[in-house]
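Novice: what's the 3D shape of this:
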Amino acid sequence: CHTSRMATPKGKELAQNLPREELTHLILKLLQAWKEPLSHFNQHVEHHQELSDDSLSKAKQISNMVHELKTGVEKSMGIISNSLNGMASSEAAGLSISNEANLMSDSDFIHCFRRDSNKVQSYLKILKCRIMPENSC
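Specialist: Okay, the predicted model is just below:
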């Protein structure tokens with residue numbers, strides 16, 4: 001996976017120990033890391049004649065959801081959208097699409113995306129519990 005080199009907590013307990021700002025930044029980094037690969041994936045699947053319109057629609061829907069989620073996290077957590085753009089170029093380069101993402105098979109790509117989306121979902125649940133503890137998390 002192209003995000004394998006990204007430092008993420010190993011397990012729920014470690015993620016729960018991260019400060020809110022750090023966890024939010026990690027969510028944004030993961031979402032940003034998928035922006036370009038999802039765009040390339042969408043272009044790739046559009047050229048496959050054997051894919052149904054439903055599959056193409058789902059691929060575009062996933063890309064839109066990632067963009068909307070990133071925007072929502074930025075707004076709800078008070079993070080300026082420039083937070084990722086202001087990174088040092090070497091750090092930002094680690095977030096852009098790599099040769100690994102280009103060379104992955106569709107099934108590997110989907111596996112990696114699912115793995116990272118599960119991480120984002122877990123991190124968001126942790127943040128939600130911190131912000132609204134009344135939800136009996």
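
Novice: what are the ranges of the helices in this structure?
Specialist: Listed in chain order, the helices of the chain (DSSP state H) span 12-17, 20-46, 53-76, 82-85, 89-93, 99-103, 106-131.

Novice: Would you single out the least confident of the ones you listed?
Specialist: Among the helices of the chain, helix 89-93 has the lowest mean pLDDT, at a mean of 39.

Novice: right, so the helices of the chain: which one is the most enclosed?
Specialist: Highest mean neighbour count among the helices of the chain (mean count of other Cβ atoms under 10 Å): helix 20-46, with a mean of 18. Using the backbone N, CA and C atoms, a C-beta is placed for each residue, glycine as well.

Novice: That helix packs against which elements?
Specialist: Judged by 3 or more Cβ pairs under 8 Å, 6 or more residues apart in numbering; DSSP states H and E, helix 20-46 is in contact with helix 53-76, helix 82-85, helix 99-103, helix 106-131.

Novice: The same query, at a cut-off of 7 Å, please.
Specialist: helix 53-76, helix 82-85, helix 106-131 (3 or more Cβ pairs under 7 Å, 6 or more residues apart in numbering; DSSP states H and E).

Novice: Can you tell me which of the ones you listed is nearest to residue 35?
Specialist: Closest approach to residue 35 among these (Cβ to Cβ): helix 53-76, 6.8 Å.

Novice: and for that closest one, what are the contacting residues?
Specialist: Residues outside helix 53-76 that contact it (Cβ atoms under 7 Å, 6 or more residues apart in numbering) are 24, 27-28, 31-32, 34-35, 38-39, 41-42, 45-46, 81.

Novice: Adding distance to residue 67, write those out as JSON lines.
Specialist: Below are the contacts of helix 53-76 laid out as JSON lines (distance: Cβ to Cβ, whole Å):
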{"residue": "24", "distance to residue 67": "17"}
{"residue": "27", "distance to residue 67": "14"}
{"residue": "28", "distance to residue 67": "12"}
{"residue": "31", "distance to residue 67": "8"}
{"residue": "32", "distance to residue 67": "10"}
{"residue": "34", "distance to residue 67": "10"}
{"residue": "35", "distance to residue 67": "7"}
{"residue": "38", "distance to residue 67": "9"}
{"residue": "39", "distance to residue 67": "10"}
{"residue": "41", "distance to residue 67": "14"}
{"residue": "42", "distance to residue 67": "12"}
{"residue": "45", "distance to residue 67": "17"}
{"residue": "46", "distance to residue 67": "18"}
{"residue": "81", "distance to residue 67": "12"}
